[in-house]
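1. Predicted model and sequence below, questions to follow.
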Amino acid sequence: MVHELTDRKINSFTVTLRDESRLIIREAVLQDAAGLIRCVKNYVNEGDYMVMEADEFAPDIRQGREFINSFIEDEHSLLLVATHNDEIVGNLDITGGKRKRLRHTGLVGMGILQEYRSKGLGKALVAAGLRWAKEHTQLEKLWLQVLAGNDAAIRLYTSFGFSEEGRQSRFVKDASGRYYDNLLFGLDLSIR
């Protein structure tokens with residue numbers, strides 16, 4: 001499948017995972033809406049460390065395209081997808097602050113299908129996002145949220161220099177009644 005984007009923020013590239021599978025990481029395009037929706041629904045359903053339930057994520061194709069387009073049109077934001085055999089298996093987004101006083105910040109979000117976790121894909125996505133953010137002079141600080149107990153994600157983010165900057169106790173309550181603290185992590189990009 002051919003995906004065209006005339007003004008690319010990053011060039012697509014191939015990454016080889018620990019299991020030798022080869023994936024392509026690239027910017028999302030409007031034609032990715034259905035595949036991205038399917039991917040997100042699946043990893044939300046698979047994950048214990050999500051802030052939403054699978055049935056709460058139900059955009060239609062039009063909404064999916066609008067979501068992708070918001071990243072394409074915002075020079076301070078980036079949406080990457082990882083594909084394997086033309087299927088989206090993970091994504092990373094950096095959403096630049098919209099308010100004047102927050103334009104120097106970017107919120108990082110990432111999700112990966114279960115079968116592609118712990119193979120190096122998260123590391124490749126974060127590295128690509130950070131390369132872009134460091135070249136983007138307006139972004140001075142990246143931040144993200146991780147639920148306590150998601151040790152793999154915490155190890156990944158701290159390996160890139162993110163550090164815990166806050167904790168919201170009992171912030172998420174799952175269907176079984178279990179509570180999770182929400183951890184806030186930050187990375188200062190102004191020290192270049």
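-> Looks like it arrived, so ask away. Numbers count the residues shown, from 1 in each chain.
2. shouldn't residue 45 be in contact with residue 56?
-> No - between residue 45 and residue 56 there is no contact under C-beta atoms under 8 Å: 10.9 Å. Backbone N, C-alpha and C define where each C-beta goes, glycine included.
3. Which one of the two is surrounded by more residues?
-> Between residue 45 and residue 56, counted using other C-beta atoms under 10 Å, residue 45 has the larger neighbour count: 13 against 9.
4. low-confidence ranges in this protein?
-> Scanning the chain for pLDDT under 70 picks out 1-7, 192.
5. Show me the strands in it, by range?
-> 13-16, 22-27, 78-84, 87-96, 105-112, 141-147, 163-173, 179-188 (DSSP state E).
6. what's next to stretch 37-46, contact-wise?
-> With C-beta atoms under 8 Å, 6 or more residues apart in numbering as the test, stretch 37-46 has contacts from 50, 52-54, 57, 59, 61, 64, 81, 87-91, 111-114.
7. about what we covered before: of the strands of the chain, which stretch is the most buried?
-> For the strands of the chain, average neighbour numbers computed from mean count of other C-beta atoms under 10 Å are highest in strand 78-84, which has a mean of 23.
8. between that one and strand 87-96, how big is the angle?
-> 170 degrees (axes from the mean of the first three to the mean of the last three C-alpha atoms, to 10 degrees).
9. quick one: strand 78-84 to strand 105-112, angle?
-> Going by the same axes, to 10 degrees, strand 78-84 is angled at 10 degrees with respect to strand 105-112.
10. which residues touch residue 130?
-> Counting by C-beta under 8 Å, 6+ apart, residue 130 touches 142, 160, 187.
11. hey, C-alpha coordinates of stretch 36-51 in CSV?
-> Output in CSV follows, covering the C-alpha atoms of stretch 36-51 (Å, rounded to 0.1, in the frame of the first residue of the first chain):
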residue,chain,number,x,y,z
LEU,A,36,-5.4,3.0,13.5
ILE,A,37,-8.9,2.7,15.0
ARG,A,38,-8.6,-1.1,14.8
CYS,A,39,-5.2,-1.1,16.4
VAL,A,40,-6.1,1.2,19.3
LYS,A,41,-9.3,-0.8,20.0
ASN,A,42,-7.2,-3.9,20.2
TYR,A,43,-4.4,-2.7,22.5
VAL,A,44,-6.9,-0.9,24.8
ASN,A,45,-8.8,-4.2,25.1
GLU,A,46,-5.5,-6.1,25.7
GLY,A,47,-4.0,-3.7,28.2
ASP,A,48,-4.3,-3.6,32.0
TYR,A,49,-2.7,-0.2,32.2
MET,A,50,-5.2,1.9,30.1
VAL,A,51,-7.2,4.8,31.4
